[in-house]
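Enquirer: have a look at this fold, sequence not included:
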């Protein structure tokens, strides 16, 4: 679960890091504090949230297994824990 939250936190913070590095390399170290105004932080927050939502939408729509499968919960078989998985339904042969 920590990896899940860290992934989205990093995505949210990418615009802040890019902006700070741009200011640092173009205007110098002292200009970072003056350039981080409330307006700039607001725009960076909106861009970070938008990037995070965009990645969530893309990942949920284009990754994972098909929605036709049936979930089998985790179970014990011969004393070994078998993790849950999604089993695809059997498709009859059309020949």
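Expert: Received it, and whenever you're ready, just let me know what you need. Not measured: the values here are computed from a predicted model.
Enquirer: over to the residue nearest to residue 20 when sequence neighbours are not counted: give its phi and psi.
Expert: Using C-beta to C-beta, 6 or more residues apart in numbering and skipping residues adjacent in sequence, the residue nearest residue 20 is residue 32, 5.8 Å away. Where C-beta positions appear, they are placed from N, C-alpha and C, glycine not excepted. The phi and psi values for residue 32, taken as degrees, to the nearest 10, are phi -60, psi -50.
Enquirer: what residues of the helix or strand of the chain with the lowest mean pLDDT count as buried?
Expert: Counting by mean pLDDT, DSSP states H and E, the chain has its least confident helix or strand at helix 31-35, which shows a mean of 81. Within helix 31-35, no residue counts as buried by 16 or more other C-beta atoms under 10 Å.
Enquirer: beyond that helix, next helix or strand please.
Expert: Where DSSP states H and E defines the elements, the next helix or strand beyond helix 31-35 is helix 38-62.
Enquirer: let me know the next secondary structure element after that following helix.
Expert: Of the helices and strands lying after helix 38-62 in sequence (DSSP H and E), the nearest is strand 70-72.
Enquirer: what ranges in this protein fall below the confidence cut-off?
Expert: 65-66, 91-95 (pLDDT under 70).
Enquirer: who touches the residue nearest to residue 20 in this structure?
Expert: 20, 23, 24 (C-beta atoms under 8 Å, 6 or more residues apart in numbering).
Enquirer: and the nearest residue to residue 71 once chain neighbours are set aside, how many neighbours?
Expert: Using C-beta to C-beta, 6+ apart and skipping residues adjacent in sequence, the residue nearest residue 71 is residue 86, 5.5 Å away. Using other C-beta atoms under 10 Å, residue 86 has 13 neighbouring residues.
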